[in-house]
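S.K.: Prediction below, plus the sequence it came from.
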Amino acid sequence: MDAVFQTLQGALYGVPKLIQCDGSNALAAARETVFAGVRYQLCKFHKLKNLMKRLRHHLHDPKLLKRCHRLAKHIFSNRWVSSRKKAAQTLQHLAGEQVTAYIDEHILNDWRNLTMSLTNNASERFNRKIEKAVSARYGIPSVESARVILRSVWLKDMLLHGQQHVETTSELRNIDLSRICQEHVNTDNILHFFHAYCSSLTEKLG
C-alpha cells in the first residue's frame, strides 16, 4: 500500500490537501508513512452503514429502532457539527451498551476525521445502479433487452437526423428508413429488418 501512495504522490498528484478513505488499517499505515501531516476524512457512508447494521442487530423494538435510525442519519447529515455530535450522544443513551461502545470507538474517537461529513461511495453507488439497470425492476431483464433498446434509440436518431452517423460504405446508407419503418410498423418486423440487412452492425451496436 505504501508503494501505491508513493506512486500517487510522485507520478500523479503530488501532495494532496485532503485524503478521503475508509478505516482500513493498511490504508492508515500507508497514509501516515507517505502523507504524514495531511488531513484526512473517513467515509460517512461506511460509518453509517456499519452503525445501522449494529442497530438492527441489537434493537428489537420497531419504534425505538426507527428513532435510532433517524438519529444515526443525523450524525452525518445535520448542517451543524454540534447537532451531529448531540445526535450521536442521544443515540448512545437510547441504544444500549453494544451500540454505545461502537459509537465511542469508531465515531466519537474519530470525530475530527468525520466533521466534513464526506463520502467516497460514488463508485459503489454507480455500480449498484448498473446492476439495477439490467434487472427486471427497471424493465431491462437481460442483455438482449438492452440491445433492443439501444437499437431503438439508434433507429430514432436515424429517423430524426438522417443517416449522417452511418458510414458511407454501410448497407444502411442508401436505404429509405422512413419508408421501410412506415411499412413495417410491427416491432418484430423492424428488428427483423435490422438483423436481415446488417446483423454484424446491430451486434456491434449492442
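M.R.: Nice, I can see it.

S.K.: so what's A95 closest to, chain neighbours aside?
M.R.: Residue nearest to A95 in three dimensions, not counting chain neighbours: C68, with 5.3 Å by Cβ to Cβ, 6 or more residues apart in numbering. C-beta coordinates here come from the backbone N, C-alpha and C atoms, glycine included.

S.K.: residues of the strand or helix carrying that neighbour that come out buried?
M.R.: Assigned by DSSP states H and E, C68 belongs to helix 62-77. Across helix 62-77, burial judged by 16 or more other Cβ atoms under 10 Å covers L65, R67, C68, H69, L71, A72, H74, I75, F76.

S.K.: Can you tell me which of those residues is nearest H57?
M.R.: L65 (10.5 Å; Cβ to Cβ).

S.K.: Quick check: that closest one vs T169, distance?
M.R.: 64 Å (Cβ to Cβ, to the nearest Å).

S.K.: How are the helices of this protein distributed by residue range?
M.R.: With DSSP state H applied, the chain shows helices at 2-7, 25-34, 44-58, 62-77, 81-95, 97-103, 122-133, 143-161, 177-183, 187-205, listed in chain order.

S.K.: I'd like to know which of the ones you listed has the weakest mean confidence.
M.R.: Ranked by mean pLDDT, the helices of the chain end with helix 187-205 at the bottom, a mean of 52.

S.K.: Would you quantify the distance from V81 to L160?
M.R.: V81 is 52 Å from L160, by Cβ to Cβ.

S.K.: With V34 instead?
M.R.: Counting by Cβ to Cβ, the gap from V34 to L160 is 53 Å.

S.K.: Likewise for N50?
M.R.: Distance from N50 to L160, counting by Cβ to Cβ: 49 Å.

S.K.: and what of K47?
M.R.: As for K47, its distance to L160 is 48 Å (criterion: Cβ to Cβ).

S.K.: Between these two, point out the one with more neighbours.
M.R.: Higher neighbour count among K47 and L160: K47, with 24 against 7, using other Cβ atoms under 10 Å.

S.K.: need the contact list for that one.
M.R.: G23, F76, H106, I107, D110, L114 (Cβ atoms under 8 Å, 6 or more residues apart in numbering).

S.K.: now it: how far from S170?
M.R.: Using Cβ to Cβ, K47 is found at 54 Å from S170.
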